[in-house]
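# Kindly generate the corresponding structure for this input.
(chains A and B, ligands or ions: 2)
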Amino acid sequence: MLAVKEIDVYYGAIHALKKFSLDVEEGSIVTLIGANGAGKTTVLKTISGILRPTTGSVMFKGQDLVKVPPEKIVALGISQVPEGRRVFQTMSVLENLEMGAYLRSDKKEIQKDLENIFLRFPRLKERRKQSAGTLSGGEQQMLAIGRALMAQPELLLMDEPSMGLAPLLVKEIFEIIKDINSRGTTVLLVEQNANMALTIADQAYVIETGEIVLQGAAEELMRSEEVKKAYLGG
Amino acid sequence: MLEFSQQIVNGLSLGAIYALIALGYTMVYGIIKLINFAHGDVMMVGAYVGFFSITMLGTNIVVAMLAAMLLCALLGVLIEKVAYRPLRNSTRIAALITAIGVSLFLEYITVVVLGPAQRVFPQSAFPIKAYNLAGLTILNKQIFVFVSAVLLMLILQYIIKRTKTGKAMRAVSLDMEAAVLMGISVDKTISVTFAIGSALAAAAGVMIGVYYQTINPLMGIIPGLKAFVAAVLGGIGLIPGAMVGGFVMGLLETMVSGYGSSLYRDAVAFGVLIIILLIRPTGLFGKNTGEKV
Ligand SMILES: Nc1ncnc2c1ncn2[C@@H]1O[C@H](COP(=O)(O)OP(=O)(O)OP(=O)(O)O)[C@@H](O)[C@H]1O
Ligand SMILES: [Mg+2]
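Ligands and ions are numbered 1, 2, ... in the order given. Purely as a prediction, here's the structure:
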């Protein structure tokens, strides 16, 4: 479904991704794990069209996204839960969700999706008139996920959704990701919480300083000595 | 007391004009963090469009105002596209200097094309009537200015709060990158912001024509600066702040002219600016979040 091929991405003189490649098969959960500053966010921003690679291609359903404007990429079926949630702080919960559906005009379908999201996240329904900035960290993460789902994505990009959350909430978030996937949405999950990510993922990639150093089936990687040492705390 | 109430009446209509102009400053700043110093000059162009609509096409004042709003909306979009968009990723000082350049360009192209002399806004388009209300003199032009300005602000409020475009404008000004991830086109949203801000300025320009009865190519400078102070006073980037700031500046100015001397009325505006910048740089309604640059 998604094939990132040998992309190079720079921030000025900083070479953030070096001949980076990654594949996501339709219907799967793929995780990209790596330490701080490894380049994970850069990968997702490049797929969404916020950053552009100098070489290589990002093929999505047979189309190269490298020259496609970001709003068209959303329309093609890729939405993102960005790092740090990035909800629109002074807008209400409901307005945040509406922004997720910005490119859609099917009012009835939007309403139905909204109800489904409120079903999944009852807390958001209770707080729908409240401004997003007043929500707790966990609630904001739910909102960021709900907002991305409002775009009806075929591929959902998630950037460290468990960051800064209490262990119980982290578990809940991973349950939600599994559930979203089981309903047909393909997921590319960026995580530092390698343990949890590898548990729910089908395929996994390990990135270090802009390069893939390991890849394979998630359960294999979980058993690999290198991964255990570097990312699983033993 | 009567004198005081009279100053309030005068101040409210002047303040409504400043508020309309201040809104454009604040909306543009909210979205691209640029003080658009050409904004007052767009107001001037609006005044001229209104003037020619009345004198050459024989329209009434309402049509003149709508024509000015439409043309200046296009002018605003054009200015952004040609002058500011290419500088979107360069330093803020570069954009600021460009804004000053656009301002001078609009002023002196008008001088060249239409001549530097002031023109008298046709009285026939708005015959002045005075009403007496419990000893207060209220002019029909004051009512016209106040009512149409408030109406425009209500429409703006509706657009920003309720429409999809307005929500997108808020989203872009809150977090541009997150807005892009929603599929919102930043370019389009910025264009809409310039269009709306410039249309409001144009309406204010026609109101100034009605109110002061003369217009000239440099008429945008002082009201533009005062409206800028109003926007800073209310907290730049905050729409309700610009409205309140505009009224405060209008009232302050008429009070100073009424009780002090009209010689000081311009100085007071800049005194206010200096005081806010010293005491509360985020303005009356701004949260103190510290400088983020
Ligand atoms: N805007 C930027 N300008 C310059 N360098 C940047 C910028 N953003 C990221 N970098 C650099 O690019 C590299 C990759 O950053 P990236 O944000 O993709 O890492 P990450 O894996 O997402 O890290 P984290 O887990 O901390 O979120 C880092 O060395 C970072 O310092
Ligand atoms: Mg990151």
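# only C-alpha atoms for contact and neighbour calcs from this point on.
Noted.
# how far away is whichever residue of the stretch 101-250 of chain B sits closest to chain A from residue A:148?
Closest residue of the stretch 101-250 of chain B to chain A, Cα to the nearest Cα: residue B:183 (3.8 Å). Residue B:183 is 11 Å from residue A:148, where distance means Cα to Cα, to the nearest Å.
# Have a look at chain A and report the helix or strand with the lowest mean pLDDT.
Every helix and strand of chain A was ranked by mean pLDDT, DSSP states H and E. The lowest is helix A:225-231, at a mean of 83.
# Which strands and helices lie in contact with it?
Counting contacts by 3 or more Cα pairs under 8 Å, 6 or more residues apart in numbering or on different chains; DSSP states H and E, helix A:225-231 packs against no other helix or strand.
# Now do the same contact list for the spatially most central residue of chain A.
Centroid-nearest residue in chain A, with Cα atoms, centre = their mean: residue A:158, separated by 1.4 Å. The neighbours of residue A:158, taking Cα atoms under 8 Å, 6 or more residues apart in numbering or on different chains as the test, are A:80-83, A:187-190.
# Format those as CSV; extra columns: pLDDT.
Formatted as CSV, those follow (pLDDT from 0 to 100):
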residue, pLDDT
A:80, 98
A:81, 98
A:82, 98
A:83, 98
A:187, 98
A:188, 98
A:189, 98
A:190, 98
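# now those residues in CSV, with secondary structure, neighbour count and distance to residue B:158?
Below are those laid out as CSV (DSSP: H, G, I helix; E, B strand; the rest coil; neighbours: other Cα atoms under 10 Å in any protein chain shown; distance: Cα to Cα, whole Å):
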residue, secondary structure, neighbour count, distance to residue B:158
A:80, strand, 29, 30
A:81, strand, 28, 29
A:82, coil, 23, 30
A:83, coil, 17, 32
A:187, strand, 27, 38
A:188, strand, 25, 39
A:189, strand, 24, 39
A:190, strand, 26, 40
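# ok, so of those residues, who is nearest ligand 1?
Checking the contacts of residue A:158 against ligand 1 with Cα to the nearest ligand atom, the nearest one is residue A:83 at 7.1 Å.
# ok, now which ones touch the closest one?
Residue A:83 touches A:41, A:158-161, counting by Cα under 8 Å, 6+ apart.
# Inside helices: which ones of those residues?
Of those, the ones assigned to helices by DSSP state H are residue A:41.
# Just give me the neighbour total for residue A:178.
Residues within reach of residue A:178, counting by other Cα atoms under 10 Å in any protein chain shown, total 17.
# What ranges does chain A have for its helices?
Going by DSSP H, chain A shows helices at A:40-48, A:70-76, A:93-100, A:107-120, A:122-126, A:137-149, A:167-182, A:194-200, A:218-223, A:225-231.
# tell me the most buried of those?
helix A:93-100 (a mean of 26; mean count of other Cα atoms under 10 Å in any protein chain shown).
# how about the least confident helix or strand of chain A as PDB, C-alpha atoms only?
The C-alpha coordinates for helix A:225-231 follow below in PDB (Å, rounded to 0.1, in the frame of the first residue of the first chain):
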ATOM      1  CA  GLU A 225      19.200  -9.800  21.100                       C
ATOM      2  CA  GLU A 226      20.000  -6.400  19.600                       C
ATOM      3  CA  VAL A 227      16.500  -5.100  20.100                       C
ATOM      4  CA  LYS A 228      16.300  -6.500  23.600                       C
ATOM      5  CA  LYS A 229      19.500  -4.700  24.500                       C
ATOM      6  CA  ALA A 230      18.800  -1.400  23.000                       C
ATOM      7  CA  TYR A 231      15.100  -0.900  23.200                       C
END
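# Hmm, residue A:174 is touching residue A:194, no?
No - using Cα atoms under 8 Å, residue A:174 makes no contact with residue A:194, being 11.9 Å away.
# and the helix or strand bottoming out on mean pLDDT in chain B, what other elements does it pack with?
When the helices and strands of chain B are scored by mean pLDDT, DSSP H and E, helix B:265-279 comes last with a mean of 87. Contact analysis of helix B:265-279 by 3+ Cα pairs under 8 Å, 6+ apart lists helix B:221-234, helix B:239-259 as its packing neighbours.
# Mind checking the pLDDT average for stretch A:101-108?
For stretch A:101-108, the mean per-residue pLDDT is 96.
# Just the buried positions in that stretch, please.
A:101-104 (16 or more other Cα atoms under 10 Å in any protein chain shown).
# What about residue A:165, how many residues nearby?
15.
# and the closest residue to it other than its chain neighbours, what pLDDT?
Leaving out its chain neighbours, the residue that sits closest to residue A:165 by Cα to Cα, 6 or more residues apart in numbering or on different chains is residue A:138, at 6.4 Å. If you check residue A:138, the pLDDT there is 95.
# Name the residues of chain A found near chain B, please.
A:48, A:50, A:70-75, A:79-80, A:82, A:86-91, A:95, A:99-103, A:148, A:151 (Cα under 8 Å from any Cα of the partner chain).
# try it again with 6 Å
A:71, A:74, A:100 (Cα under 6 Å from any Cα of the partner chain).
# Would you agree residue B:230 is in contact with residue B:244?
No - look at residue B:230 against residue B:244 with Cα atoms under 6 Å: they stay out of range, at 7.9 Å.
# where does chain A have low pLDDT?
Applying pLDDT under 70 to chain A flags residues A:234.
# same thing but at 90, please
Along chain A, segments meeting pLDDT under 90 span A:224-234.
# Just list the residues touching the residue of it found nearest chain B, thanks.
Proximity of chain A to chain B (Cα to the nearest Cα) peaks at residue A:71, 3.8 Å away. Contact analysis of residue A:71 by Cα atoms under 6 Å, 6 or more residues apart in numbering or on different chains lists residue B:183.
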